[in-house]
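1. Got a sequence here, can you model it:
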Amino acid sequence: MPAVTLATALFAAVALVGVALLADAGRHGLRAYRVRSNEPIPVGAAADESGVVEVEGVAERHERSLVAPFSGEECLVCEYEVLELQSSGKTSSWNTIKAGGGSVPFAVSDGTGRLLVEPAGAKLALDEHVTRVGGGDRPPERIARWIEDTPDVDSEEKTWDLRVIELKAGNDRKYVERRVDPGDAVHVYGGSEYRRWSDAGGAVNVAIRDGLAPLFRITDGDERAAVRGLAVPALYRLAGAAVVFLLLLVLVPSF
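-> As a prediction, the model looks like this:
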């Protein structure tokens, strides 16, 4: 293949990476702008709003809750992930070997009222709770039971019997949970609809759920945390795009 064709192909490939990074930065930036420009309202006033609703408050159990797989904590939303430190040649990296999660509808209360959140389909920005287990070590009892009940995940508690001595084997792992627990402070941004979901005092006939607005997001903390969680990825992608376009300037003389 002629050298000019190779240079052209390389230039086009690098340019596509830059454009993709720039587009993704714009997507995150637009979401950050939407959240920042829309002020949180009291939960008690949500029934007077239409379309997008943004609230801050405390997550509360509605009808039922879940049990987090690794910690055993009561929760309302939980994502979990098992990461294993795997080697390839001289390099090692953390790779996901199992992931999952679940959620149940929960209430958000701020003292002015309580509304319903149906978290299925929401983008989550939640703190991580990590249990790290070394290769060859026995994991905590609850995680050990979870491994026994999960056919496609084996235990890292392995040894090599050399008769004279037993050596620990297996790879290091991280067992990660991202949760909304009852009592957690949360920020919720999403589309709302009328819903008579509870007859209890203080209940507001509003539910926030997926499919009613371009963005449905649940974040630990307040609006500031939500904006930061969207703006930081946008800045990283902008920085990456800048590096890519500088590289393109270096490649231009090749033509």
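2. For this structure, name the helix or strand with the lowest mean pLDDT.
-> One helix or strand of the chain scores below all others by mean pLDDT, DSSP states H and E: strand 158-161, with a mean of 53.
3. all strands for the stretch 1-150 of the chain, in order.
-> Remark: strands assigned in the stretch 1-150 of the chain by DSSP state E, counting those that start in this stretch are 52-61, 66-67, 74-75, 77-88, 91-103, 106-109, 114-117, 123-125, 128-133.
4. Show me the one of the ones you listed that comes nearest residue 190.
-> strand 52-61 (6.8 Å; CB to CB). Every residue, glycine included, has its C-beta placed from N, CA and C.
5. mind checking how far the closest one is from the chain centre?
-> On the basis of CA atoms, centre = their mean, to the nearest Å, strand 52-61 is displaced by 18 Å from the centre of the chain it belongs to.
6. Pairing partners for it, with directions?
-> Taking DSSP bridges as the criterion, strand 52-61 sits next to strand 106-109 (antiparallel), strand 185-194 (antiparallel) in its sheet.
7. Same list (those strands) but as TSV, adding mean neighbour count, distance to residue 18 and mean pLDDT.
-> As requested, the strands paired with strand 52-61 are exported to TSV (neighbours: other CB atoms under 10 Å; distance: least, CB to CB, whole Å; pLDDT from 0 to 100):
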stretch	mean neighbour count	distance to residue 18	mean pLDDT
strand 106-109	24	40	97
strand 185-194	21	30	95
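8. Dump those strands to TSV, plus distance to residue 65.
-> Shown next, in TSV, are the strands paired with strand 52-61 (distance: least, CB to CB, whole Å):
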stretch	distance to residue 65
strand 106-109	8
strand 185-194	15
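9. Any idea which of those gets closest to residue 28?
-> When these are compared by CB to CB, strand 185-194 sits nearest residue 28, at 14.0 Å.
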